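In: Build me a structure from this.
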Amino acid sequence: MIRTLIWLLIWALATQGLIDYRDYHDEFLPRFLSLENASDDNLLLPFNTTRTPGSKESLEIQKLIKNFYDGLESPWELEEDSFENKGLNFNNLVYTLGANSSSYVVLSAHYDSKVEPEGFIGATDSAASCAILLYVSRFLDAFYQNGNSSLSDEKNGDVGFKIVFFDGEESLKQWTAEDSLYGSRHLASKWIEQGLIDKIHLFVLLDLLGSNPAPIRSYFRETHEAYERLASLESTLFKSPPQLDPMDHSILQLNGPSIDDDHIPFYRAGVPVLHLIPWPFPSFWHTLQDDFNHLQQNEIDKWAVLLSEFLVEESSGFADRL
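Out: Model prediction:
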C-alpha cells in the first residue's frame, strides 16, 4: 500500500512536469524534426542520404552529429569508438551527460545504412531514430540548463545519460553473427573491459520507427516494468491508438532475444534492454522503398516527445523507488 502511494505521488509530480514541458515540444518540433522545413536547424533531413560505413556520406553525418553536440550548452562528453574490420573504418559516437554518474540510461540507434541495394536510404532503418536521438539530447540539454535537476559533473549518485550512434549494424553482404552488429559488438566488448557495462541502468534501442504506427511489443521480462512506464506515458500524452500494450505478453513468453539488433551484445552481458522496434517489420524493410516518402510526421513527433519525457522520468530513479 505504501509502495503504491509513493508511486502515485511520484507520478503526480512527474505528470505536472510533463504538462509544463509540452510548450517546448510545441515550439521546437516543427523546427528541428520537420519533413518539410529545410532550415539549417533541421535535424532530420540531413539523414536523407546513404550512410554506408567509411563512405563520404557517413563522414558527413558524423560531422553533423559532432557539430550538433558542440552547439549544446551542457557538458556532453564525446567518446569515439573507432576501429577497422574487413577493410572498412567504423566509428561509434557516444555522448555522455553526467560523466560521474553512478548509473546510466543509454539511448541508442544505428546511423549506418545498408550497402545493398545500392542507394538504400533506410529512413526508418534508422535515419529517423538518429534524428530523434538528437532532438532528445537537445531536450535534455534544455531541461538541465533550466535547473530542473541536480545532474552535474560534480555530483555522483545521479542517473546520467549516454546517447549512442552505432556504426555497422547492417551486414556488408549477408547477415551472420560475424557480418552484422560491428559497432555494438565492439563497443560492448570495450565497456565490459572498462567495467562500464555494470553501470547501465537501462539500455534503450530505437529501430524502424517513424512510419505507419505498428505494435511495439515488450520483448524482455527484465524490462517489462520500464515498458509499462513508457506505455503509461504514451496513453497520458497521446489520444491516438497506442502502439505499446503492456498486456501483450506474446513475445515475453519466449524469454530471450527474438530479433537480432544492436542490443544483443549488451543483453548477453546482462544489461537490461528495452527494444523499441515494431513487430512485424514494415513491409518495405530493407528495400529501396524505405525512404523519406514513407515517414510520417506525427510518428516522428510522437517518439521525440515520448522518449524525451521518458528519459527525464527515468533519471528520477523510478525503478529504484518502486
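In: From now on I want contacts and neighbour counts done on CA atoms only, so please keep to that.
Out: Fine.
In: The host helix or strand of residue 312 packs against which elements?
Out: Here residue 312, judged by DSSP states H and E, is contained in helix 297-315. Helices and strands touching helix 297-315, by 3 or more C-alpha pairs under 8 Å, 6 or more residues apart in numbering; DSSP states H and E, are helix 2-32, strand 103-110, helix 128-145, strand 159-166, helix 224-237.
In: List the buried residues for stretch 216-236?
Out: Using 16 or more other C-alpha atoms under 10 Å as the test for burial, stretch 216-236 gives 216-221, 223-234.
In: Let me know the secondary structure of residue 91.
Out: Using DSSP: H, G, I helix; E, B strand; the rest coil, the structure places residue 91 in strand.
In: For it, list each beta-bridge partner.
Out: Beta-bridge pairing for residue 91 (DSSP bridges): residue 82.
In: follow-up on the earlier one: buried residues, the helix holding residue 312. List them.
Out: Buried, per 16+ other C-alpha under 10 Å, within helix 297-315: 297, 300-315.
In: ok, now stretch 204-216?
Out: 204, 205, 206, 207, 208, 209, 210, 211, 213, 214, 215, 216.
In: pLDDT averaged over the helix or strand where the first one lies - what is it?
Out: Secondary structure here is read from DSSP H and E; on that basis residue 204 sits in strand 200-206. If you average the pLDDT over strand 200-206, you get 97.
In: what secondary structure does residue 222 sit in?
Out: Quick answer, by three-state DSSP: residue 222 is helix.
In: ok, it to residue 113 distance?
Out: Separation of residue 222 from residue 113 (C-alpha to C-alpha, to the nearest Å) stands at 30 Å.
In: Check residue 32 too.
Out: In this structure, residue 32 and residue 113 are 22 Å apart, going by C-alpha to C-alpha.
In: Neighbour count: the two, which is higher?
Out: For residue 32 and residue 113, the more surrounded residue by other C-alpha atoms under 10 Å is residue 113, and the numbers stand at 27 against 23.
In: part of a strand, is that one?
Out: No - checked against three-state DSSP, residue 113 lies outside a strand; its state is coil.
In: List the residues that contact it.
Out: Neighbouring residues of residue 113 by C-alpha atoms under 8 Å, 6 or more residues apart in numbering: 50, 51, 52, 53, 120, 121, 122, 125, 126, 168, 170.
In: What about residue 62, how many residues nearby?
Out: 19.
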